[in-house]
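>>> Generate a structure from the sequence data that follows.
(one chain, ligands or ions: 1)
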Amino acid sequence: MSTGKINVSVENIFPLIKKFLYSDHEIFLRELISNATDATLKLKHLTNIGEASVEYGNPVIEVKADKDKQTLHIIDQGIGMTKEEVEKYINEVAFSGAEEFLEKYKDSAKDSGIIGHFGLGFYSAFMVANKVEIITKSYKDEPAAHWTCEGTTDFTLEDSNKTERGSEIILHINDDEKEFLEENKIAELLTKYNKFMPVPIKFGTKEKELPKAEDAPEDEEAKKVTVDNIINNPEPAWTKQPTELEDEDYNSFYRELYPMQFEEPLFHIHLNVDYPFNLTGILYFPKLSNDMAMQKDKIQLYQNQVFVTDNVEGIVPEFLTMLKGVIDSPDIPLNVSRSYLQADGAVKKISSYITRKVADKLKSLFNNSREDFEKKWNDIKVVIEYGMLTEDKFFERAQKFTLYPTVDGDYFTYEELEEKIKDNQTDKDGKMVILYASNKDEQHSYISAAKDKGYQVILLDTPIVPHLIQKLESSKENISFVRVDSDHVDNLIKKDEDKTSKLSEEEQTQLKTDFEKVVPKEKYTVQLEAMDSNAAPLIITQPEFMRRMKEMQQSGGGGMFGMGNMPEMYNLVVNTNNELISSLVGKEEAEQERIIKQSLDLARLSQNLLKGEELTNFVKRSFEMIK
Ligand SMILES: Nc1ncnc2c1ncn2[C@@H]1O[C@H](COP(=O)(O)OP(=O)(O)OP(=O)(O)O)[C@@H](O)[C@H]1O
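Numbering: from 1, shown residues only. This next block holds a predicted model:
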């Protein structure tokens, strides 16, 4: 037997870094600008603590392309590197100078905003360049250095005559990556990744109009000057304290984040925590429609003001991915390429912190300005209901501010609703029945029948309602939700009052057989009921349980297996006390059939169930009748 050490040499690792570490070539620019930013912030820190006796000034990072020479330049005025430092930080792949800096200045530098971590980002330059140069001059009084490498393990390192402090990285762009020399492409990348980085980034120049003199004539052209084109806002709203900001500042930051979005957000939540993890951000509640999928993935994740991704799955609980805004946390563990989240305990804590902050904000909005909250309810309910369904903690917290609007536009909390309905809407078995409608127009006749009985009907119209009420029923004692059209009104809340039928037992049995002869069996179950004589002769209902299970299956998850595909079945409630119905008794068969068919179509019409050819025939027949 023999043992040994597998020899992993740099030659083997280098092509791996170039090809596979970063799946997305474009991120090289983000990495190099992050390094330039780190170099600038390090110098700032050292001057702050008196370790560097140089003028910090107003440093800018410059990006420029030279199409003729096929080069891209990233120039900073930061800390720079001595020759020895280049040897150490650049030649030793995966030795991170950023980590070393943070370790060395542990106590004072933890909030300095240093981005680097892995010691690999620089090499992403070789994904787009066949040759990379670094010309760098340290803030220390030492000669400048010039490093050149052509994407192999060979490099050259010599003195340079650079005199200004800082580094210039020169990328000799590959022929097949030439798009990265295009002004539009560079501008697009800078806007995507660097829009809020903490050091000003210059890309070219622009014309700026000077203000006119006060007494200048109307038609005088404003004078223009050429100024640096700074592409970023180094102090985005989320880096400030909530006390420094007014509502208007939050709204204008929203416009900065989503320039194509013309609607103002409903409200914002400023996140700001530094223990047990560090996280800042601003979340906005936009106006939401019921279509949840359309509105996801608008929250942007940053790390020390560097854009990472707009997929915040895991960090933000699923129901809040419909919000907009930014989250910035150096504590979110990402893999080397900063594009994938590594799920762990810290992430769970962050997610529950965000959930709690959102619930707190909603509660304070509700407490402080209920009227305003009610106005916004329609636009935010889908998030809240979805949150209640998917996050138990949020479900508990939401009890305090979730609203149940009635079809008449009153808004009740659960407690208020309970108080309002418990006397009149408790059935003979002591169960409190909450009546709801999902569509005010389609269920109009059922709603008015229920209201005539003095019942409150609430409006629940989001697609997840079947799931949500299932959860509410199981979390509260002895209640049930019943949709107004799931039975005739006397049966919605069963009380101990027997109505007597005007028809005898034999007449009722005969009538039932007559109906069953005409009405299609596979669709309707005929059910005779002695109701108020003023109530409609025929009512079509669909039992709550059946419909809910079907809906739950159709909207995904829950329900009972296979029920989603079951054919639609309805009850046909025949009101034996209605005059039209009682007059059917003893009529000749053809006449009976004519009346039953026409009444059934009328009942279907009122339930929006009469369609296509059947509707055409019905209209034709009705015209004939009134001739
Ligand atoms: N523009 C620069 N000015 C000064 N030093 C730099 C510059 N660019 C890189 N360095 C030095 O080289 C080191 C390695 O850079 P690299 O981007 O590979 O890793 P990192 O920034 O430390 O970590 P990460 O892989 O997370 O980006 C840096 O830590 C820094 O010390």
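>>> Low-confidence regions, the stretch 401-550 of the chain specifically.
Counting by pLDDT under 70, the stretch 401-550 of the chain contains no low-confidence residues.
>>> Residue of it closest to the ligand, please.
In the stretch 401-550 of the chain, no residue comes nearer to the ligand than residue 464, which is 41.0 Å away by CB to the nearest ligand atom. C-beta here means a position set from N, CA and C on the backbone, and glycine is covered the same way.
>>> how's the protein carved up into domains?
For the chain, the structural domains run 2-204, 237-374, 403-498, 501-554+566-627, going by automatic domain parsing.
>>> re earlier: which residues does the residue of the stretch 401-550 of the chain closest to the ligand contact?
Going by CB atoms under 8 Å, 6 or more residues apart in numbering, residue 464 touches 382, 385, 386, 389, 555.
>>> ok, of these, which one's closest to the ligand?
Once CB to the nearest ligand atom is applied, the member of the contacts of residue 464 that ends up nearest the ligand is residue 386, at 35.9 Å.
>>> does the closest one count as helix, strand or coil?
Following DSSP: H, G, I helix; E, B strand; the rest coil, we place residue 386 in the helix state.
>>> isn't it right next to residue 319, touching?
Yes. With contact defined as CB atoms under 8 Å, residue 386 reaches residue 319; the gap is 4.2 Å.
>>> quick one: low-confidence ranges for this structure?
Ranges of the chain meeting pLDDT under 70: 1-23, 93-120, 289-297, 333-344, 556-566.
>>> Next, find the distance separating the most centrally placed residue in it from residue 284.
The C-alpha lying nearest the average C-alpha coordinate of the chain belongs to residue 322 (CA atoms, centre = their mean; 1.9 Å). To residue 284, residue 322 is 11 Å away according to CB to CB, to the nearest Å.
>>> Mutual contacts of the two, please.
Joint contacts of residue 322 and residue 284 (CB under 8 Å, 6+ apart) do not exist.
>>> hmm, back to that, got phi/psi on the residue of the stretch 401-550 of the chain closest to the ligand?
Dihedral pair for residue 464: phi -90, psi 0, per degrees, to the nearest 10.
>>> I figured the residue nearest to the centre of the chain hits residue 381, correct?
No. The criterion here is CB under 8 Å, and residue 322 misses it with residue 381 at 11.6 Å.
>>> What is the neighbour count of residue 493?
Other residues near residue 493 come to 23 when the count uses other CB atoms under 10 Å.
>>> Just want the phi and psi numbers for it.
phi -120, psi 100.
>>> Provide a list of residues in contact with it.
By CB under 8 Å, 6+ apart, the neighbours of residue 493 are 425, 426, 427, 433, 435, 455, 482.
>>> got the buried residues for the longest helix seen in the chain?
The residue-count maximum for a helix in the chain (DSSP state H) belongs to helix 345-368. Buried residues in helix 345-368, defined by neighbour count with 16 or more other CB atoms under 10 Å: 346-347, 350-351, 354-355, 357-359, 361-362, 365-366.
>>> Could you identify which of the contacts of residue 493 has the most neighbours?
residue 435 leads the contacts of residue 493 on contacts (other CB under 10 Å) with 26 neighbours.
>>> just how off-centre is the longest helix of the chain within its chain?
In terms of CA atoms, centre = their mean, to the nearest Å, the centre of helix 345-368 is found 15 Å from the chain centre.
>>> Ok, stretch 403-423 next?
29 Å.
>>> Likewise for stretch 389-404?
18 Å.
>>> Is residue 64 in a helix, a strand, or coil?
Applying three-state DSSP: residue 64 is strand.
>>> That one contacts residue 168, doesn't it?
No. The criterion here is CB under 8 Å, and residue 64 misses it with residue 168 at 10.0 Å.
>>> Please enumerate the shared neighbours of those two.
Joint contacts of residue 64 and residue 168 (CB under 8 Å, 6+ apart) are 73, 75.
>>> Is it correct that residue 308 is in contact with residue 299?
No. Using CB under 8 Å, residue 308 is not in contact with residue 299, being 11.3 Å away.
>>> which of the contacts of residue 464 lies closest to residue 588?
Checking these against residue 588 with CB to CB, the nearest one is residue 555 at 48.2 Å.
>>> what about that closest one, neighbour count?
Residue 555 has 16 nearby residues by other CB under 10 Å.
>>> nearest to residue 231, of the domains of the chain?
Among the domains of the chain, if distance is taken as CB to CB, the winner is domain 2-204, at 4.7 Å.
>>> how far does the closest one sit from the chain's center?
34 Å.
>>> All good on my end, thank you.
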